[in-house]
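Novice: Using only what follows, build the 3D model:
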Amino acid sequence: MKVADFDFALPPELIAQHPARPRDSARLLEVGDALADRRIADLPRVLRPGDLLVYNDTRVIRARLGGRRGTAAVEVTLHKRVPADAGSLWRAFARPAKKLKPGDTIEFAPGFAALVTEKRDAGEVTLRFPAAGAEFYAALDRYGHMPLPPYIKRTRGGDPQDEADYQTVWGEEPGAVAASTAGLHFTEPLLAALAEAGIGRVALTLHIGAGTFLPVKVEDTAQHVMHAEWGEITAEAAGVVEAARARGGRVVAVGTTALRLLETVAAARGKVQAWSGETDIFIVPGFQFRAADMLLTNFHLPRSTLFMLVSAFAGLERMRAAYAHAIAERYRFYSYGDACLLHRADQLR
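Specialist: Predicted coordinates for the structure are as follows:
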């Protein structure tokens, strides 16, 4: 398909710079046979007893680091962990990267530095940190900064509130450099109301990389190379998903990352089973969905892989109509914006 098929005009003032307060007061557009304007807080009444929310429990790390190579200032943004035998090996975008070379050391703070092991294209380097595990993430918490998306504008000093705002209520597994934004709408009171309504939930993990923000630069979707991200579904979680499906409950993916991991596994194995590894699944119209019945997600960028995904799930014409409605009704877009609840196109009339 042509990438231009997924274009639309968005007034820039609709790009949310801060989340709704409380989080579950955000607006929700239900997209099914018709469009319905709701609120996130309505979910316990919109979903059915026996439905299952599948959410991503990744936690955003403070991936932006300022340091020095000798006397030269360097800023890096970690975007993907590379499996290694010892320490922590990370791909990162560096500025300026021109003068960096393998063997250079970047010092971020006394006792916290990284060795440049590889220089890649487009300002990307590979860094080795001597610390690993909890020690490494503790250092990031101390010296790093939250890696907000480029469309959320902040002054140089940043907004301390983003440290809390850009984490989901259930984020536990550190490793993402972008939030699972659909999960940002949930609060403890909402989770309690969902449980009381008989709606279950289960976690999987997919560590979201900076590639989620990369623009599609080709004209045809068949030419686009999707970035890879690491994910895991435990045997226990897979069992919960399959049990919900067996009793007739709907599987509701909370966010495109949860959906991509579910469909990665279901496409390979026919059903949801324990799995871990990297996925570069690219979902466009024509994709056969096997695992998720509904998708809760925010409003996405034009010409993005995420708008292609939601168009595959709910239908391109239906999503064009939904986005036109959202723009006319002044819904708030992107990471801190409002959400939509999509019914799968092949399950509608």
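
Novice: and R332, how many neighbours?
Specialist: 21 (other CB atoms under 10 Å). C-beta here means a position set from N, CA and C on the backbone, and glycine is covered the same way.

Novice: Please report how far it lies from L184.
Specialist: 12 Å (CB to CB, to the nearest Å).

Novice: for this protein, longest strand please?
Specialist: What stands out as the longest strand in the chain, according to DSSP state E, is strand 72-82.

Novice: which other residues reach it?
Specialist: Residues outside strand 72-82 that contact it (CB atoms under 8 Å, 6 or more residues apart in numbering): 61, 63-68, 88-96, 99-100, 106, 114, 125-127, 147, 175, 177, 207, 209-211, 229-230.

Novice: List the strands paired with it, with their directions.
Specialist: Using DSSP bridges, strand 72-82 pairs in its sheet with strand 64-69 (antiparallel), strand 88-95 (antiparallel).

Novice: any idea which of these is most buried?
Specialist: Ranked by mean neighbour count, those are led by strand 88-95 with a mean of 20 (mean count of other CB atoms under 10 Å).

Novice: residues contacting the residue most central in space within the chain?
Specialist: Nearest residue to the geometric centre of the chain (CA atoms, centre = their mean): S180, 3.6 Å. When the contact criterion is CB under 8 Å, 6+ apart, the partners of S180 are Y55, N56, T58, T168, G171, L206, I208, V254, G255, T257, A258.

Novice: Break the chain into its domains for me.
Specialist: Using automatic domain parsing, the domain parsing of the chain gives 3-60+168-347, 64-145.

Novice: could you dump these to CSV with mean pLDDT?
Specialist: Rendered in CSV, the data for the domains of the chain read as follows (pLDDT from 0 to 100):
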stretch, mean pLDDT
domain 3-60+168-347, 96
domain 64-145, 91
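
Novice: can you confirm A134 is in a strand?
Specialist: No - per DSSP: H, G, I helix; E, B strand; the rest coil, A134 lies outside any strand segment and is helix.

Novice: For R59, which three-state class applies?
Specialist: strand.

Novice: I figured it hits E173, correct?
Specialist: Yes - counting by CB atoms under 8 Å, R59 touches E173, with 5.8 Å between them.

Novice: distance between the ends of stretch 11-22?
Specialist: One end of stretch 11-22 sits 25 Å from the other (CA to CA, to the nearest Å).

Novice: buried ones in stretch 115-127?
Specialist: Residues of stretch 115-127 classed as buried: L115, V116, T117, K119, G123, E124, V125, T126, L127 (neighbour count, 16 or more other CB atoms under 10 Å).

Novice: tell me the two of the residues you listed that are most distant?
Specialist: The span of the buried residues of stretch 115-127, defined through CB to CB, is set by L115 and G123 at 17.8 Å.

Novice: which residue ranges form the helices in the stretch 101-250 of the chain?
Specialist: Under the criterion DSSP state H, counting those that start in this stretch, the stretch 101-250 of the chain carries helices at the ranges 133-143, 162-165, 188-196, 235-246.

Novice: Include mean neighbour count when you put the ones you listed into JSON lines, please.
Specialist: Below are these laid out as JSON lines (neighbours: other CB atoms under 10 Å):
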{"stretch": "helix 133-143", "mean neighbour count": "14"}
{"stretch": "helix 162-165", "mean neighbour count": "15"}
{"stretch": "helix 188-196", "mean neighbour count": "14"}
{"stretch": "helix 235-246", "mean neighbour count": "16"}
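
Novice: now those in a markdown table, with distance to R23?
Specialist: Shown next, in a markdown table, are the helices of the stretch 101-250 of the chain (distance: least, CB to CB, whole Å):
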| stretch | distance to R23 |
| --- | --- |
| helix 133-143 | 22 |
| helix 162-165 | 9 |
| helix 188-196 | 8 |
| helix 235-246 | 24 |
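
Novice: quick one: which of those helices is nearest R269?
Specialist: Proximity to R269 (CB to CB) singles out helix 235-246 among these, at 9.5 Å.

Novice: Heading C-terminal from the closest one, find the next helix or strand.
Specialist: strand 251-254 (DSSP states H and E).

Novice: From the contact counts, what lies against the following helix or strand past that next one?
Specialist: With elements assigned by DSSP H and E, the helix or strand that comes after strand 251-254 is helix 256-269. Counting contacts by 3 or more CB pairs under 8 Å, 6 or more residues apart in numbering; DSSP states H and E, helix 256-269 packs against strand 52-56, strand 200-206, strand 229-233, strand 251-254, strand 275-279, strand 294-298, helix 305-314.

Novice: how distant is the third one from the center of its chain?
Specialist: Distance, stretch centre to chain centre, for strand 229-233: 12 Å (CA atoms, centre = their mean, to the nearest Å).

Novice: what angle separates it from helix 256-269?
Specialist: Angle of strand 229-233 versus helix 256-269, following axes from the mean of the first three to the mean of the last three CA atoms, to 10 degrees, is 70 degrees.

Novice: mind saving the C-alpha coords of strand 229-233 as CSV?
Specialist: Coordinates of each C-alpha in strand 229-233 appear next as CSV, following Å, rounded to 0.1, in the frame of the first residue of the first chain:
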residue,chain,number,x,y,z
GLU,A,229,12.0,-4.8,20.1
TRP,A,230,12.4,-7.4,22.8
GLY,A,231,9.4,-9.0,24.4
GLU,A,232,8.3,-11.8,26.6
ILE,A,233,5.1,-13.7,27.4
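
Novice: by contact count, what packs against it?
Specialist: Using 3+ CB pairs under 8 Å, 6+ apart: strand 229-233 touches strand 72-82, strand 200-206, helix 256-269, strand 275-279.
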